[in-house]
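>>> Generate a structure from the sequence data that follows.
(3 chains, ligands or ions: 12)
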Amino acid sequence: RENVCIFGTGDFGRSLGLKMLQCGYSVVFGSRNPRTSRLLPNGAEVLSYSEAAQKSDIILIAIHREHYEFLTELIEVLKGKILVDVSNNLKINQYPESNAEYLAQLVPGAHVVKAFNTISAWALQSGALDASRQVFICGNDSKAKQRVVDIVRTLGLTPLDRGSLSAATEIENYPLQLFPMWRFPFYLSAALCLFFFIYCVIREVIYPYVQEKEDSTFRMAISIPNRVFPITALTLLALVYLPGVIAAILQLYRGTKYQRFPDWLDHWMLCRKQLGLVALGFAFLHAIYTLVIPIRYYVRWRIRNTTITQVITKKDNPFITSMAWLSDSYVSLGILGFFLFVLLGITSLPSVSNMMNWREFRFVQSKLGYLTLILCTAHTLVYGGRKFLSSSILRWYLPSAYVLALIIPSTVLVIKFILIMPCINKTLMRIRQGWE
Amino acid sequence: RENVCIFGTGDFGRSLGLKMLQCGYSVVFGSRNPRTSRLLPNGAEVLSYSEAAQKSDIILIAIHREHYEFLTELIEVLKGKILVDVSNNLKINQYPESNAEYLAQLVPGAHVVKAFNTISAWALQSGALDASRQVFICGNDSKAKQRVVDIVRTLGLTPLDRGSLSAATEIENYPLQLFPMWRFPFYLSAALCLFFFIYCVIREVIYPYVQEKEDSTFRMAISIPNRVFPITALTLLALVYLPGVIAAILQLYRGTKYQRFPDWLDHWMLCRKQLGLVALGFAFLHAIYTLVIPIRYYVRWRIRNTTITQVITKKDNPFITSMAWLSDSYVSLGILGFFLFVLLGITSLPSVSNMMNWREFRFVQSKLGYLTLILCTAHTLVYGGRKFLSSSILRWYLPSAYVLALIIPSTVLVIKFILIMPCINKTLMRIRQGWE
Amino acid sequence: RENVCIFGTGDFGRSLGLKMLQCGYSVVFGSRNPRTSRLLPNGAEVLSYSEAAQKSDIILIAIHREHYEFLTELIEVLKGKILVDVSNNLKINQYPESNAEYLAQLVPGAHVVKAFNTISAWALQSGALDASRQVFICGNDSKAKQRVVDIVRTLGLTPLDRGSLSAATEIENYPLQLFPMWRFPFYLSAALCLFFFIYCVIREVIYPYVQEKEDSTFRMAISIPNRVFPITALTLLALVYLPGVIAAILQLYRGTKYQRFPDWLDHWMLCRKQLGLVALGFAFLHAIYTLVIPIRYYVRWRIRNTTITQVITKKDNPFITSMAWLSDSYVSLGILGFFLFVLLGITSLPSVSNMMNWREFRFVQSKLGYLTLILCTAHTLVYGGRKFLSSSILRWYLPSAYVLALIIPSTVLVIKFILIMPCINKTLMRIRQGWE
Ligand SMILES: Cc1cc2nc3c(=O)[nH]c(=O)nc-3n(C[C@H](O)[C@H](O)[C@H](O)COP(=O)(O)OP(=O)(O)OC[C@H]3O[C@@H](n4cnc5c(N)ncnc54)[C@H](O)[C@@H]3O)c2cc1C
Ligand SMILES: Cc1cc2nc3c(=O)[nH]c(=O)nc-3n(C[C@H](O)[C@H](O)[C@H](O)COP(=O)(O)OP(=O)(O)OC[C@H]3O[C@@H](n4cnc5c(N)ncnc54)[C@H](O)[C@@H]3O)c2cc1C
Ligand SMILES: Cc1cc2nc3c(=O)[nH]c(=O)nc-3n(C[C@H](O)[C@H](O)[C@H](O)COP(=O)(O)OP(=O)(O)OC[C@H]3O[C@@H](n4cnc5c(N)ncnc54)[C@H](O)[C@@H]3O)c2cc1C
Ligand SMILES: NC(=O)c1ccc[n+]([C@@H]2O[C@H](COP(=O)([O-])OP(=O)(O)OC[C@H]3O[C@@H](n4cnc5c(N)ncnc54)[C@H](OP(=O)(O)O)[C@@H]3O)[C@@H](O)[C@H]2O)c1
Ligand SMILES: NC(=O)c1ccc[n+]([C@@H]2O[C@H](COP(=O)([O-])OP(=O)(O)OC[C@H]3O[C@@H](n4cnc5c(N)ncnc54)[C@H](OP(=O)(O)O)[C@@H]3O)[C@@H](O)[C@H]2O)c1
Ligand SMILES: NC(=O)c1ccc[n+]([C@@H]2O[C@H](COP(=O)([O-])OP(=O)(O)OC[C@H]3O[C@@H](n4cnc5c(N)ncnc54)[C@H](OP(=O)(O)O)[C@@H]3O)[C@@H](O)[C@H]2O)c1
Ligand SMILES: CCCCCCCCCCCCCCCC(=O)OC[C@H](COP(=O)(O)O)OC(=O)CCCCCCCCCCCCCCC
Ligand SMILES: CCCCCCCCCCCCCCCC(=O)OC[C@H](COP(=O)(O)O)OC(=O)CCCCCCCCCCCCCCC
Ligand SMILES: CCCCCCCCCCCCCCCC(=O)OC[C@H](COP(=O)(O)O)OC(=O)CCCCCCCCCCCCCCC
Ligand code: HEM
Ligand code: HEM
Ligand code: HEM
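Ligands and ions are numbered 1, 2, ... in the order given. As a prediction, this is how the structure comes out:
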């Protein structure tokens, strides 16, 4: 049985100790008050910090960084030992250097390894370890790292080597993040939704009320969301492909690719995946909202009413083939667009994209992605086609919402179309191959 | 070309030998009857066990555990060699110690490594290796393990180091399992389905038949499943969040988190993922069953009939805004709930949950999970809202099924609501941070 | 700071150098014209090839294979050094031996390691590394490989050891592939779609036009795709399970499993996953096309018309229970089949299938797969049931398309049914366990 020492008898120290005992290690705790320490797992020994340190050549420091100073008194005992830094901070980049590097400075003779900070005490105790089985490890001494890797593996966790101790800052920031890349797409789509929601409420609720005292507030439950969501989806989808087009223009203009893009463009390009997935979410909502249309009370009532009116007025009801064509083809385009959209989503699952090489991934994301954009834009165009230019669609000078929705996608498609014309494309290709 | 020895010329031995030959190894088989062994891959040598053992320092024991005894005769020859135990058993925990540990006892001088038992002979032969490219490896000698890891990699398989030989029991049980964690959710949901199916058949098929001699058996194809499935989904979803609430009460009552939960609660908490995914399955079925409503013969017939009756009786058909509101909003709530449900499902894909840290995972699973539960409960409440208290919904004193469906979710939500009230929540937080 | 040398100041050399500088390496470029090299990252040194080589014991050869010969002049300097071959070719299997092996021949004293060829220069520069974070590595010297693995990890990429240098051919071909396994399923399904599309156009557009001058071209937008897609899906699904049945017959006939299947059967069996997923795609399209039926202009017009006609002619509209049963049950079967279909899809996600053992995977893919086939076939049978034998469905002697669709699935199911009869199954099992 291998000996392991844990400094600190707090929540994390205890949980780690318990787990290690269960996995066959023999555990010695170091504590300020070895006598009064309570709640420790059965079978563990508790000694003072300096005594405990002598029992093992590997020591897990389960203490907050703020209390590390006392370790300087133990420099002699800790010489040549492996110190595992498990600490987290309360804020991202709270200190100039990482906790692990700080520890390495404090105890220069020891081999510091960063590990375990991504695991929560409760997860260790309860055994439910989804989403956190990964332990990032870094350190300058590869033998020390290997020892820690072995322990991690024995505890049933997944070690992931991240290189030298300079990676500690990143590892310490990791557990504090809350979807950093999703923030911009989220706020952007929230803003778009809000804007279009208000726009549609004005056109479809307030306008009829003012003009005809008609109460159509109930439209806010399904009809209006089913305008707002697809419009947001289409706009976001176009915004996924817009930065690529801007970047190409910049490269053409500058004549080189060895100049950095402006920061906003860089950031935008890095969160295209998230933008695209949020767009997929809205498209999904649009699809279901559309499919429930026929079971809505309002729709059933309207259809019944039309039929009855027609019976009563004895008006003829001729079948117009062009209407059938238009209506069927915009729906069909939407379905095909949605299918490709879902395909893009599936290929962005980490496990699927990992199985693809660069060429395949570009084929799907770039070629099929543009095809998706084309299909979705065509879907909206044909949907609006019938009434596009009729002026009756203006209410208070506001055009239908889908007209606004078409602006960005059309722009992106037109510019892209220009960019892939042979003459321009050839120049671009040369630039991208490193020519100036 | 490296030399490898395989003991046993059975199905697995042959397959392994063939694969190794293809990957550039030179293979020597050990057999009881080296002369009469047939079907061996071309290029392999066959010798007696003791002769074969001398040809290589790594020996794969492709023999059933029951016949291991004869290896004791070869102790001398096997000294210092690497023995790879590939054996499986017929039942989980069939023997007190694992096969690999038994082998290590029999041949104390050898380095025993457990490997390859998760791969099937046929998969090796046919090359179709989905779901089984992973080879779990364990052993006490790390050099021996490294040798096996190299072989595994050369064969195109994925080695996974599981630590010391004591992990062999688990590795041997692994290929015998058939969805152990899914069993309880499966039986539970089957029982729920059956109960609600019978309940609905009584209310909607037998009751009308007895009372009005009406034949509505056809309801068993879609209408009743579309009651049973959502009710099961909602109940299961609530059962996902119930154990957390019970655990919190227990912790509050005990004043500590360092006391184990009762076994049933522990097990329940560990299969919440599976419960949730089964619930998602039922919700998915509910969604599609709902969306096909308008193409059903019965529904079309009923709508046509209503219209015709209305024309004939010349009854007016006023549009009731509150009905539109109620009907649209329950559907909208259902759609949003389903959307979040699917999101929970996506984030529980191993590759996605692996990319999230603990904080993000808890945010999605706990916060969005409760939001899902709230939306789905509200969906059902508003759906039933109109007729909730009318007594006409009792048939033979049985209330509508959805009333039963609401019991557990509402209970969970009410208790959770109490638990997050500041005063109680503060105590709970302190307990969870390790205070007593 | 570790020293690394890069030969070649082209696009890839520069990108790699930049990335390495950012990650803390000190970089020396080797170039034909060290004076005139432009665009190099700041902080890098540029020397002649032979001078640069002396600066580091690890050299990345960022040069096209065609220009390798000059390295023979540097044999002395390169002795004992680690040469990393990053090169790609323009075509699969362009040269008899791999570039890395060719390099190893040219510079016999060096340790050649293949790496980095799957990463694109632009990905390195822009930091967007989806789908390409994996660096396959192979080489004969394990210490040299370890060095490269460390560098790969420090650059934030994922090293994947593929064994000895003989794996280089495969690694070099990898980035040139474009969905090789998906090609056959793709062409097959395209052909099937085309055939059934033309077939349906003849029956449903040309025939009514010729016979009754009826313009039903609009059917090509939704109605006909919604015949073609499910039929293709069902046929492909049956073709997934057909090779297994053929293989079983072959094994029974030959009395052994130790004889290779004909090549076409082997290839077919290896692309069943892809066939199945393409089938799922078509089934998904069928599901959505079906769900939009009630919002189609044509369908609404037809329903309104029927109602009006009925009102006018005062014909009775009795409710036929058997019709309700038939219509509801074929839809219900379709939904259940689709559900299992999606489940098969989910379990073939690499991250999910990795969590399953062989037994579980076979259970899902083989048992549930056949259940899916049965449900989908039954769905089609019951759908056609009402009119199956009526002769009026023949138009120009062509039966309805679904009749053709049923041929392969029924055949597969019948043969499978025969194969699992105890007597035959027993023989088959013995053969599969290696008996003859
Ligand atoms: C549902 C959905 C899911 C998505 N998932 C992902 C995902 O998982 N991962 C992801 O990355 N994106 C994802 N996206 C976003 C998007 O599909 C991709 O970013 C896509 O690759 C963009 O294609 P593009 O042709 O516009 O971009 P790019 O090809 O990246 O072009 C952008 C610009 O970069 C420059 N550039 C590109 N290549 C080179 C080169 N070789 N040399 C020099 N300059 C070059 C050019 O200026 C080019 O115009 C997703 C989108 C959606 C809708
Ligand atoms: C579609 C779907 C998919 C799902 N996928 C998954 C999945 O992949 N993985 C998964 O695990 N679950 C999954 N679930 C189940 C569920 O969402 C999660 O288990 C969820 O985390 C439960 O949230 P909770 O707040 O009730 O539980 P928890 O936060 O786990 O709370 C349970 C109880 O444990 C105790 N506790 C919690 N944290 C601490 C602590 N720090 N210290 C002390 N005690 C503590 C408390 O008593 C608490 O009340 C899924 C559910 C659904 C519906
Ligand atoms: C949506 C979808 C997704 C799919 N995803 C996948 C996937 O991810 N991976 C995948 O592989 N397939 C996948 N498939 C294809 C298919 O489900 C599987 O290939 C399935 O295992 C075939 O079952 P089977 O019983 O016909 O084949 P098998 O059991 O493979 O039988 C084929 C034949 O091989 C021979 N054979 C089988 N076992 C043995 C043995 N032990 N010894 C000797 N001979 C043997 C027999 O002759 C047998 O008849 C998918 C299909 C669909 C529809
Ligand atoms: N809790 C988690 O879920 C979690 C997860 C990952 C990482 N971590 C990290 O693990 C470390 C410990 O966390 P914790 O939750 O266990 O904290 P804690 O409960 O507050 O325990 C800290 C321990 O540090 C010891 N200590 C030594 N000198 C101290 C001093 N001057 N003042 C106060 N305590 C001193 C104490 O042990 P003695 O009384 O025995 O001396 C105390 O029990 C932290 O660095 C934290 O970031 C925690
Ligand atoms: N088949 C699989 O798919 C698979 C998968 C994973 C693991 N395994 C494991 O691999 C091992 C071999 O399986 P298998 O399917 O190859 O079994 P098998 O076909 O029955 O072969 C067993 C071999 O063991 C040898 N043997 C030695 N002493 C024996 C004795 N006293 N009685 C009988 N046989 C004796 C025989 O070879 P000689 O006649 O040459 O002596 C025989 O061919 C088992 O431990 C099994 O659990 C098998
Ligand atoms: N570009 C990519 O995205 C990528 C991705 C993966 C792998 N690779 C591989 O990396 C290698 C380099 O690709 P690259 O795109 O950087 O190519 P490149 O831009 O054409 O650069 C090749 C470099 O090779 C050097 N060289 C030495 N002898 C030469 C000769 N006789 N003729 C021409 N050049 C000679 C030149 O550098 P000096 O002028 O300084 O001598 C030249 O800059 C190739 O093997 C390629 O397959 C490239
Ligand atoms: C049906 C659902 C469709 C709508 C839902 C999709 C909305 C998008 C939701 C994605 C949210 C993922 C949260 C990720 C958390 C995270 O940070 O995750 C981080 C990871 C990876 O991050 P990196 O970029 O750092 O690698 O992100 C992901 O892996 C995202 C994968 C999302 C995959 C979506 C797949 C959709 C598949 C859909 C099938 C849909 C079928 C619909 C048919 C009707
Ligand atoms: C559309 C499908 C929705 C319904 C289907 C979901 C039903 C649940 C099915 C999950 C079954 C997985 C079998 C797993 C086998 C196993 O043991 O797998 C084991 C693994 C992991 O086990 P561990 O808990 O041990 O890590 O489990 C999984 O990985 C389960 C992942 C399931 C992910 C479901 C994702 C659903 C995504 C849905 C998109 C839906 C879009 C719908 C739009 C209309
Ligand atoms: C909703 C979508 C349904 C239809 C979409 C499925 C169509 C099939 C598309 C798969 C295409 C994947 C491209 C793979 C690229 C590749 O080479 O990928 C290569 C990899 C692995 O290759 P290996 O065979 O080499 O391991 O393939 C895959 O991983 C394929 C995984 C596909 C998983 C499909 C999962 C479908 C889940 C669906 C949920 C649907 C819910 C629907 C509810 C209404
Ligand atoms: C399942 C696939 C789809 C179907 C069945 C479908 C169907 C429809 C229908 C019926 C409408 C008219 C709605 C109304 O009358 O209010 C519509 C509108 C629209 N759709 Fe789709 N669609 C699908 C997918 C998509 C996708 C993927 C996008 C793009 C992201 C999209 C974008 C739009 C837009 C912008 C509108 C106009 C919204 C408005 O102003 O009313 N659709 N769609
Ligand atoms: C796509 C999303 C959804 C839609 C469109 C939807 C729609 C509906 C409709 C129309 C009904 C009435 C059915 C009837 O008349 O028989 C209903 C009932 C119900 N739904 Fe949903 N729903 C959705 C999602 C959900 C989800 C996610 C749940 C919860 C898990 C849920 C739970 C229920 C319950 C319990 C009932 C009552 C069943 C009964 O007794 O009839 N629904 N839903
Ligand atoms: C969501 C699940 C499903 C639903 C709601 C559904 C519904 C339907 C409906 C309503 C039809 C009649 C279409 C028409 O009148 O033109 C139909 C036909 C058909 N379905 Fe499905 N289905 C489903 C899934 C499947 C699946 C998974 C398959 C097999 C792969 C399948 C295969 C077929 C076939 C072959 C036909 C006959 C096509 C024809 O000739 O018209 N269905 N389905």
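>>> what helix or strand is the nearest residue to A:Ala121 once chain neighbours are set aside on?
Excluding the flanking residues, the one nearest A:Ala121 by Cβ to Cβ, 6 or more residues apart in numbering or on different chains is A:Ser15, at 4.1 Å. C-betas here are computed from N, CA, C, even on glycine. Assigned by DSSP states H and E, A:Ser15 belongs to helix A:11-22.
>>> pLDDT averaged over the following helix or strand past that helix - what is it?
Downstream of helix A:11-22, the first helix or strand assigned by DSSP H and E is strand A:26-31. On average, the pLDDT along strand A:26-31 is 94.
>>> Domain map for chain A?
Domain assignment of chain A by automatic domain parsing yields the ranges A:3-176, A:180-432.
>>> how near is the residue in the stretch 201-350 of chain A that ligand 12 sits nearest to to A:Gly334?
Residue nearest to ligand 12 within the stretch 201-350 of chain A (Cβ to the nearest ligand atom): A:Leu291, separated by 11.1 Å. Plainly put, A:Leu291 is 11 Å away from A:Gly334 if you go by Cβ to Cβ, to the nearest Å.
>>> which one of those two has more residues nearby?
A:Gly334 (24 against 21; other Cβ atoms under 10 Å in any protein chain shown).
>>> Who are the contact partners of A:Asp141?
By Cβ atoms under 8 Å, 6 or more residues apart in numbering or on different chains, A:Asp141 lies in contact with A:82, A:111, A:113.
>>> Neighbour count and distance to B:Leu368 added to the residues you listed, as a markdown table?
Formatted as a markdown table, the contacts of A:Asp141 follow (neighbours: other Cβ atoms under 10 Å in any protein chain shown; distance: Cβ to Cβ, whole Å):
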| residue | neighbour count | distance to B:Leu368 |
| --- | --- | --- |
| A:Ile82 | 23 | 40 |
| A:His111 | 24 | 42 |
| A:Val113 | 29 | 35 |
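>>> Get me the contact residues on the stretch 151-300 of chain A for chain C.
A:161-164, A:166, A:256-258, A:269-270, A:273, A:287, A:290-291, A:293-294 (Cβ under 8 Å from any Cβ of the partner chain).
>>> any bit of the strand or helix carrying A:Ser351 sitting next to chain B?
Here A:Ser351, judged by DSSP H and E, is contained in helix A:350-353. Yes - applying Cβ under 8 Å from any Cβ, one finds helix A:350-353 touching chain B at A:350-352.
>>> Pull up the distance across stretch A:311-329, start to finish.
29 Å (Cα to Cα, to the nearest Å).
>>> ok, and for stretch A:99-110, which residues are buried?
Using 16 or more other Cβ atoms under 10 Å in any protein chain shown as the test for burial, stretch A:99-110 gives A:99-104, A:106-107, A:110.
>>> follow-up on the earlier one: pull out the buried residues from the residues of the stretch 151-300 of chain A next to chain C.
Buried members of these, scored by 16+ other Cβ under 10 Å, are A:161-164, A:166, A:257-258, A:269, A:273, A:287, A:290-291, A:293-294.
>>> If we check ligand 5, which of those residues are in contact?
Among those, not one lies near ligand 5 by Cβ under 6 Å from any ligand atom.
>>> tell me the contacts of A:Gly80?
Applying Cβ under 8 Å, 6+ apart, we find A:Gly80 in contact with A:57, A:109-111.
>>> and with 7 Å instead?
Residues near A:Gly80 by Cβ atoms under 7 Å, 6 or more residues apart in numbering or on different chains: A:Gly109.
>>> which phi and psi does it have?
phi 80, psi 0 (degrees, to the nearest 10).
>>> do A:Pro180 as well
phi -60, psi -40.
>>> For the helix or strand just after the helix holding A:Ser351, which outside residues touch it?
Next helix or strand after helix A:350-353 toward the C-terminus (DSSP H and E): helix A:358-362. If you take Cβ under 7 Å, 6+ apart as the criterion, helix A:358-362 is touched by A:353, C:118, C:120, C:130-132, C:175, C:178-179.
>>> buried set for helix A:358-362?
Those would be A:358-362, for helix A:358-362 by 16+ other Cβ under 10 Å.
>>> which helices and strands does the following helix or strand past it pack with?
Tracing the chain past helix A:358-362, the next element assigned as helix or strand by DSSP H and E is helix A:369-385. Under the contact criterion of 3 or more Cβ pairs under 7 Å, 6 or more residues apart in numbering or on different chains; DSSP states H and E, helix A:369-385 touches helix A:225-254, helix A:321-347, helix A:401-419.
>>> JSON lines please, covering the ones you listed and showing mean pLDDT and distance to ligand 3.
As requested, those are exported to JSON lines (pLDDT from 0 to 100; distance: least, Cβ to the nearest ligand atom, whole Å):
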{"stretch": "helix A:225-254", "mean pLDDT": "97", "distance to ligand 3": "27"}
{"stretch": "helix A:321-347", "mean pLDDT": "96", "distance to ligand 3": "12"}
{"stretch": "helix A:401-419", "mean pLDDT": "95", "distance to ligand 3": "33"}
